[in-house]
Every structure is written in structure tokens, then in C-alpha cells.
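A.B. asks: need a structure here:
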Amino acid sequence: MTFATTNPYTGETLKTFPTTTDAEVTAAIGRADAAFRSWREAPFAERAGIMRDAANILRKESDDYARLLTLEMGKLIGEARAEVELSAAIFEYYADNAERLLAPEKLPVADPAEGDATLVCEPLGVLLAIEPWNFPYYQIARIIAPQLSAGNTILLKHAANVPQCAAAFETLMVRAGLPAGGFINLYASHDQVELILSDPRVHGVALTGSEAAGASVAAIAGKALKKSTMELGGADAFVVLKDADLEKTVKWAVFGRHWNGGQVCVSSKRMIVADEIYEAFLDRYAKGVAGLRMGDPFDPDTTLAPLSSQKAADDLKAMVRQAIEHGATAIPVGPETPNHGAFVQPVILTDIGEDNPARHWEFFGPVSMLFRARDEEDAIRIANDSPFGLGGSVFTSDTKHGAEVAKKISTGMVFVNHPTMVKADLPFGGVRRSGYGRELLGLGIREFVNHKLIDVVDIDAAF
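C.D. replies: Down below sits the predicted model:
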């Protein structure tokens, strides 16, 4: 596979990188394993200092890091700066909280004869992180901040179109003071994933990516008896109840579907609107989408980014054509599409029948699916009629009732009166074909530790 920086706005390939050889992969595993043997003994204060320094460097050099995001995957420059800040906040969160989150837990045993039982968390060792291109820094920070804080070491296999972002984070951690081998970026091929996970010095894998990639890597990990976590995308429901504030709801809908060019696993992909307000919502939503502006992602006036690559744009257009062939109605909506770059004109799909397979697809880009719900029960049914189960949202004037509706939506995350929220102190993860495992908070830092029982039993033998 080719690791290359190709600007999605200009189409120009600026730099290429050679794929890591098998010998280099094996050597990197050795360095990571050697680093683990000392890093696991580092006190929490030392680990926290490195996490905090990484956060400080990101904030101090935010513009430089942001420019690289925009150059490699086309992210709007304002959104790129926000991603840098989010990544810094994650490092800072674990600097502040890792020791508390991994503190030994005294177990309340029922019988004194069971002894003095304590649960401790110990790092597993070398881990493999396989990350996607849509949030090149945040995805890395989301796994390495907690796992380095826990005492593990990390090998990174990043997406082929963001090689400079991957290298930048490796350099970042060296500058922050992480010992050599603690975090290693590899331009590894798909075939080399099995080589890595088959090595007994590697103890787990965290993947964020497509269903196909997740199924493949999970099978390899399972064969090798290695722990895995999978975040595999979604088709989040955006449920609009009949009492929703339409003006506020439509603004959130336009944002929720189109931020990061619509290339977000938790973006609002399925708008499920109460029958009573469906026409009014559709009219306002179409006008809101038409107000977006495509163009140079470095231009602060641009509000809709290109897709990450021309292939991504072509694949999305092909999916829309297939949805239409199966009976859906497509409503193209402005803004005007530039005559170059990996842009896709926003499309609203309606009349997506129960027999249309597109209703179960994930459209990764500015394509919205609108569904008319007969009533609240029908809205919940449509929301749950998906192979995915990552996030979702409910919009209503009665937030207490909105929370009750949220309980009935089968996903890992549901927000009331907000499309989605990604923060350092909120957990992230889903169910069903959206994957398994959680990232961030204590849930994330405890995914790759040995939950070890130490039980001091001092009683006479029963003979």
C-alpha cells in the first residue's frame, strides 16, 4: 500500500513514504517491548508529566499541527484547530486522573475467611493501534493517552493518507519526554497486522475503522488470543419529536450532518422527523444546507470541506446512485460545487422504503437520509432499525421526556437536544456492528490492563 500526502482540495500528491519492511516491524516490536519493561515501573507522576507536556506542546503549536490536518485530509482549518485542542484536553485529562482511575480497589468480601482482597490494575505490554484518517490526531490521543498512562507501550498503524500526521505525533511524544520505544509509528501494510498480532510480545489491538477492517482484525486477534476493542462507525439517528424547537433543531441538524465534511462515525446520518412537522423541517433543513459554502479548507469562510480523497467522493456518489436505483428520491442541495477537489454536492435522500438496502448503509459524507415517523413509537422503531448502534440524538422541548426516549434507543451514546459531543471526560463506543469496547474515561484506560486480584489469606489450614 502507498502512504502519501495528497491534498484533497488540489489533488496534488506532495510526499510519499515507503512501507515498513517486515524486519523493521519486528525490530519495532522489540523496541516497544524493551521500553515497556521500564515504562511499566514509571511512577504515575512521571507519566502524568509527559502527558501534560504533550498537551502543552499541542496548544503552543496549535496552528502548525492544524495546518497538517487540513493539508492531508482536507479538514476545515477551524475544525483542525478544534481537533488539536481536543487532543490536548485528552492528554491533560489522563495527566490529572490516571492514577485515580487505576487506584487499587479494596473488595468488600462477604466472609472474613476470604482474606484481605484487593483488585489492582497492571499494564499488559505492547499494544497495536489501528486508526482512521477522519480525525488523525484525536484518534491517536484517544488511545495513547490512557494506555501510556496505564504503563503500556504502543505501535501505531495509521491510515495511508495521513502519514505526516502520524509522524508528527510520534515526534510529539518524543519531545514530551516519552522514553524511546514507548510510541512507534509504523507505515505498516494490512498484511503486516497479522505479523504484529501474532508476535507474543504484543498483547492487544485497538481499531477504529470500517466494518470490514474490524472483522478482519478481530479475527486475527481472536486467532492469536489477543484482546481487542473495535469502533466501527455508525448511522446515527437524529430523532425530532413534534414539540421540538425547529429553529434550534435545524441548526443542529445541519451542523450534525456536515461537520468534518460529513465524515464522522457519530454524525447525524438519519433524520427521523415527526409527521406533524416533517414538511417544515425538510424545508428549513434544505435551506440550511444550501447556505453552506464549499471551497479551500484553509479559507475561514469555507463551511463545507472536501472529502478526504477523490476515491471517497466517487464511492459516495456511487452509493447515492444505488440508493436511487432501489427507489429513493434524491434532492441535490446547494452550495455550488467547485470545479476541482474531492467535493460532493450535499444530497437529501427521502422515500427510503423498508426494502431499500440503503436505509441500513453508512453514508460517509454530506448525504442525509430523512424519514417520516407516524408517531413517537414509530420514530423509535426507525431509530433502532439499523445494524449500527453508536450514537444518536433526540430533540424535544421536554428534556425529561427526551431522556426517556433516549433510553429506548439502542446505541452506546444518546444526546438530548444536541447531535453529538466528543469530550475528554465522556465515554465513547457502541454496540452491534458499531463495535465493542469503550474509549476515554476510566472505561478506556481499563480496557488494556490486567485486573489482578491480590488476596492476603491468613487462616489455619482446614485439616
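A.B. asks: from here on, contacts and neighbour counts on C-alpha atoms
C.D. replies: Will do.
A.B. asks: Run through the residues that contact the residue nearest to Gly30 when sequence neighbours are not counted.
C.D. replies: With C-alpha to C-alpha, 6 or more residues apart in numbering as the criterion, Gly30 has its nearest non-adjacent residue at 7.9 Å, and that residue is Arg201. Neighbouring residues of Arg201 by C-alpha atoms under 8 Å, 6 or more residues apart in numbering: 29-30, 33, 125-126.
A.B. asks: measure Arg201 to Pro332 for me?
C.D. replies: Arg201 sits 52 Å away from Pro332, going by C-alpha to C-alpha, to the nearest Å.
A.B. asks: Also Glu404?
C.D. replies: Glu404 is 35 Å from Pro332, by C-alpha to C-alpha.
A.B. asks: what does Pro300 give?
C.D. replies: For Pro300, the distance to Pro332 equals 25 Å [C-alpha to C-alpha].
A.B. asks: Strands of the stretch 201-350 of the chain, start to end?
C.D. replies: Using DSSP state E, counting those that start in this stretch, the strands of the stretch 201-350 of the chain run over residues 202-208, 227-231, 236-240, 268-274, 329-332, 347-350.
A.B. asks: Pick the most deeply packed of those strands.
C.D. replies: Highest mean neighbour count among the strands of the stretch 201-350 of the chain (mean count of other C-alpha atoms under 10 Å): strand 236-240, with a mean of 32.
A.B. asks: quick one: strands adjacent to that one?
C.D. replies: Strand pairing for strand 236-240, using DSSP bridges, gives strand 268-274 (parallel), strand 392-395 (parallel).
A.B. asks: of all these, which lies closest to Ser38?
C.D. replies: strand 392-395 (42.3 Å; C-alpha to C-alpha).
A.B. asks: neighbouring contacts of that closest one?
C.D. replies: The contact list for strand 392-395 (C-alpha under 8 Å, 6+ apart) reads 236-241, 244-245, 249, 266, 268, 402, 405-406, 409, 411, 413-420.
A.B. asks: among these, which ones are buried?
C.D. replies: Buried by 16 or more other C-alpha atoms under 10 Å: 236-241, 244, 249, 266, 268, 402, 405-406, 409, 411, 413-420, out of these.
A.B. asks: In helices, which of the contacts of strand 392-395 appear?
C.D. replies: 249, 402, 405-406 (DSSP state H).
A.B. asks: any idea which of those residues is closest to Ile380?
C.D. replies: Distances from Ile380 to these, taken by C-alpha to C-alpha, are shortest for Val405, at 7.6 Å.
A.B. asks: residue contacts, the closest one?
C.D. replies: 380, 394.
A.B. asks: Quick check: buried residues in the longest helix along the chain?
C.D. replies: Counting residues, the longest helix in the chain under DSSP H turns out to be helix 77-101. By 16+ other C-alpha under 10 Å, the buried positions in helix 77-101 come out as 77-81, 83-99, 101.
A.B. asks: With that, I have no additional questions.
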